Structures are given as structure tokens and as C-alpha cells.
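Student: Let's see this in three dimensions:
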Amino acid sequence: MENPASFGERANPQKVLVIACGMIAREIIAVKAALHLDHLDLTCLPAEFHYHPDRIAPALDTAIARARAEGIASIFVGYADCGTGGDIDKVCAAHGVERIDGPHCFAFYQGLPAFEAIADGDMTSFYMTDFLCRHFDAFFMKPMGLDRHPELITDFFGNYEKVVYLAQTDDPALEAVAIRAADMLGLAYERRFTGYGDLGPALKRAHEKANQGA
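Tutor: The predicted model follows:
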């Protein structure tokens, strides 16, 4: 016979707060819906921190401390290392929380084993994602000044050989942006459909850990 106490715990799972990079907010919401992870709450740090990785760890530390002060017990960090040189890991260790495995989102979207197998060959590849295609002008052209100074393209991208579009979804409009970017940068083009890669399993594990014994 079903244990009423355990049934109640499963019926009301522990909430998990995901504190994530704004660049993957849409994807986390999609995974949450696909896996029916209704217990996940999401808050995001600015996507612009992609260009300022030194700001991520301090902001993450503040966000986790605030969540703890509000009584939130289960927290998962929706970042990989993301160019912080281990600073995110230090914050996670200080607060006893975990993050997504990997060096950056371009790795966990592809899946770490797949990324590690091609990482050396991708050293001269410029990665794009659905987010970067969706916000190409606002997040790429303008911050780098390429809309005003296209001559900078050679300075910024002279060592790259191709654009690799890591597609989370099948969206011809987004791929058109990636193709246009490759043409503008004078680079070869490759599309890899990744879906959400390791993001789904990572969020599912965060739930399972929060609800162990339920």
C-alpha cells in the first residue's frame, strides 16, 4: 500500500531555484516545460555578463545569499565556468550548491563528451546559439562596434575559420542570421543541431537531488 507520507512528498516536490545566465533563460523554460519540472523557479543574471565574466561570480554570490535569506533551500546554478577561471566554482563551494558541468554553454549544449572530442578542431570556430542569432544586432553587432566600424571585423575575427551555429531548435529564420553572420565575417559556415544538450539532464538531476528520499 502507498505510504501516505511519501506520496505527499512526491505530490509536493521540493522547489528548486535555478540562478542562471540570461543567455539560456529561454532554453531553461523550454526544458522545464518539456520535462514537466513545474517545481523549478528561475531567476537570471544579465546576459551581458557574457562579455564581462568578471562580474558573474560576485553577482552570483549576492543572488545566492539573497535566496538563502529568503529561506530557499535548494539552489542550482545555471552556469558552466563561463570564462571565470574557477570563480563560479568558488562561489558554489562557499554556498554548497552545484552548477552545470563544463567550461561554457557551447560545450554543454553539444554534450561534454561530444565537445571534448572536437574541441581541438574547433579552436578556430566562432560559436553561435539560438540566443546569439535571436539577438544578433543588439548583443553582437552593437556591443562590438561592428555596426559603426566594420573594419574591425578583421581585427576581431582574423584568426577564425568558420562560424558554427549550435542550433537548439529548428528555426530557419535563426539559421538565416547565422549564415548572414558567416558571410559578413568572411568565414565558412557549419550548422550543428544540439537541442538542449546536457541542460535537461542537469536540471533533472538538480530536482532529484533536492527530492532524495521523497
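
Student: what about the residue lying closest to Val77 once chain neighbours are set aside, how many neighbours?
Tutor: Spatial nearest neighbour of Val77, chain neighbours left out: Arg99 (3.8 Å); criterion: CB to CB, 6 or more residues apart in numbering. For the C-beta atoms, the positions are set from N, CA and C on the backbone; glycine is no exception. Neighbouring residues of Arg99 were enumerated by other CB atoms under 10 Å; the total is 21.

Student: now swap in the one 3 residues further on and tell me
Tutor: The number of residues packed around Gly102, counting by other CB under 10 Å, is 22.

Student: and it, what is it in contact with?
Tutor: Contacts for Gly102 were tallied using CB atoms under 8 Å, 6 or more residues apart in numbering; they are 80-81, 108, 112, 115, 198.

Student: Next: Leu37.
Tutor: Contact analysis of Leu37 by CB under 8 Å, 6+ apart lists 31, 203-204, 207.

Student: Weed out the non-buried ones from those residues.
Tutor: Buried members of the contacts of Leu37, scored by 16 or more other CB atoms under 10 Å, are 31, 203, 207.

Student: and of those residues, the nearest to Gln14?
Tutor: His207 (8.0 Å; CB to CB).

Student: For the helix or strand the closest one falls within, buried residues please.
Tutor: Assigned by DSSP states H and E, His207 belongs to helix 199-210. Within helix 199-210, the residues scored as buried using 16+ other CB under 10 Å are 199-203, 206-207, 210.

Student: Let me have the residues you listed in CSV, extended by pLDDT and distance to Leu17.
Tutor: What follows is those, written out as CSV (pLDDT from 0 to 100; distance: CB to CB, whole Å):
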residue, pLDDT, distance to Leu17
Leu199, 98, 16
Gly200, 97, 18
Pro201, 97, 19
Ala202, 98, 14
Leu203, 97, 12
Ala206, 96, 10
His207, 92, 12
Ala210, 90, 10
